[in-house]
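Asks: coordinates only, sequence not included:
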């Protein structure tokens with residue numbers, strides 16, 4: 001952003017423009033004339049905040065059709081904004097990253113040119129109904145064939161308990177846990193309190209041994225589970241309603257009835 005202000009760019013330089021890349025050295029290196037430094041310049045800070053706000057607004061616009069909770073438009077480039085930028089990159093076919101978008105970059109141009117959030121490119125879309133879990137972004141895309149239906153933040157497994165890579169793994173078990181308000185007590189990490197940090201899973205959908213997509217009251221934008229992929233309780237209910245399972249009262253192992261496959265990809269890289 002300081003480079004942007006140093007050169008007085010608006011939306012971006014034109015092809016062939018000379019660029020002063022020595023920021024805040026007190027000299028315009030294109031003309032040789034003295035130039036103001038921008039150390040602690042309020043204009044720089046205001047420009048950064050405004051740029052982040054614009055990106056947050058654009059992200060909210062793109063994700064709105066997919067039941068995604070909107071970002072707070074506050075101009076603060078925190079972990080939730082980084083997570084959403086990463087998810088947008090995946091959908092738009094850019095390299096996944098939680099890093100800030102830089103003014104004038106191809107990534108920023110691509111984001112602001114987008115009129116809708118496309119379905120990510122993946123083998124997942126070969127299934128009737130699918131969930132694509134991206135560990136890099138801590139994000140879950142859900143859809144039917146070529147169509148994207150939901151886009152939700154998730155939290156996958158921590159080091160030593162990684163959510164295992166999948167390619168169209170069929171969900172084989174659903175436990176509505178109606179006898180405990182929907183909270184299934186993990187047999188591998190049993191606890192007496194309904195807390196996902198300790199092993200309780202809200203209405204889990206199992207796709208690989210004990211690993212499941214399940215609801216939780218805590219879904220941070222970083223890996224935090226014992227291998228499962230967490231959704232908020234509200235988003236888990238949205239998923240189950242879409243699958244036609246929300247009113248199921250007994251555990252089922254019928255893959256055909258569940259009709260959902262899971263892809264897991266990427267490697268988490270924090271800021």
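Replies: That came through fine. These figures come from a predicted structure and were not determined experimentally.
Asks: and the helix or strand harbouring residue 237, what's buried?
Replies: Using DSSP states H and E, residue 237 maps to helix 233-243. Neighbour-count burial for helix 233-243, counted by 16 or more other CB atoms under 10 Å, picks out 233, 235-240, 242-243. Where you see a C-beta, it was placed from the backbone N, CA and C, and this is true even at glycine.
Asks: next structured bit after it?
Replies: Next along the chain after helix 233-243, taking DSSP H and E as the criterion, comes helix 255-258.
Asks: and that following helix, how far from the chain's centre?
Replies: 27 Å (CA atoms, centre = their mean, to the nearest Å).
Asks: who does the next helix or strand after that helix pair up with?
Replies: Counting by DSSP H and E, the element after helix 255-258 in chain order, helix or strand, is strand 261-265. According to DSSP bridges, strand 261-265 forms sheet pairs with strand 130-134 (parallel), strand 166-170 (antiparallel).
Asks: what is the rounded mean pLDDT of the last one?
Replies: This points to strand 166-170. Average pLDDT, strand 166-170: 98.
Asks: now do it: distance to the chain's middle.
Replies: What separates the centre of strand 166-170 from the centre of its chain is 20 Å, taken as CA atoms, centre = their mean.
Asks: what residues sit buried inside that strand?
Replies: By neighbour count on 16+ other CB under 10 Å, the buried set for strand 166-170 is 166, 168-169.
Asks: and those as CSV, adding distance to residue 154?
Replies: CSV is the format used below for the buried residues of strand 166-170 (distance: CB to CB, whole Å):
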residue, distance to residue 154
166, 14
168, 18
169, 16
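Asks: and stretch 227-234, average pLDDT?
Replies: For stretch 227-234, the mean confidence score works out to 96.
Asks: hey, where'd the strands end up in this structure?
Replies: Secondary structure of the chain (DSSP state E): strands at 130-134, 139-144, 147-153, 166-170, 173-174, 183-185, 200-208, 211-216, 229-232, 261-265.
Asks: got those as TSV, with distance to residue 104 columns?
Replies: Putting the strands of the chain into TSV (distance: least, CB to CB, whole Å) gives the following:
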stretch	distance to residue 104
strand 130-134	26
strand 139-144	26
strand 147-153	27
strand 166-170	37
strand 173-174	48
strand 183-185	49
strand 200-208	41
strand 211-216	38
strand 229-232	35
strand 261-265	29
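Asks: weakest of these by average pLDDT?
Replies: Among these, strand 183-185 scores lowest, at a mean of 87.
Asks: and that strand, how far out from the chain's middle?
Replies: 26 Å.
Asks: sorry, back to before: any chance of the strands paired with strand 261-265 in JSON lines with distance to residue 210 as columns?
Replies: Converted to JSON lines, those look like this (distance: least, CB to CB, whole Å):
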{"stretch": "strand 130-134", "distance to residue 210": "16"}
{"stretch": "strand 166-170", "distance to residue 210": "13"}
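Asks: endpoints of stretch 218-225, how far apart?
Replies: Terminal residues of stretch 218-225 are spaced 10 Å apart (CA to CA, to the nearest Å).
Asks: the nearest residue to residue 116 once chain neighbours are set aside: neighbouring residues, count only.
Replies: The shortest distance from residue 116 to any non-neighbouring residue, by CB to CB, 6 or more residues apart in numbering, is to residue 62 (6.9 Å). When counting by other CB atoms under 10 Å, one arrives at 22 neighbours for residue 62.
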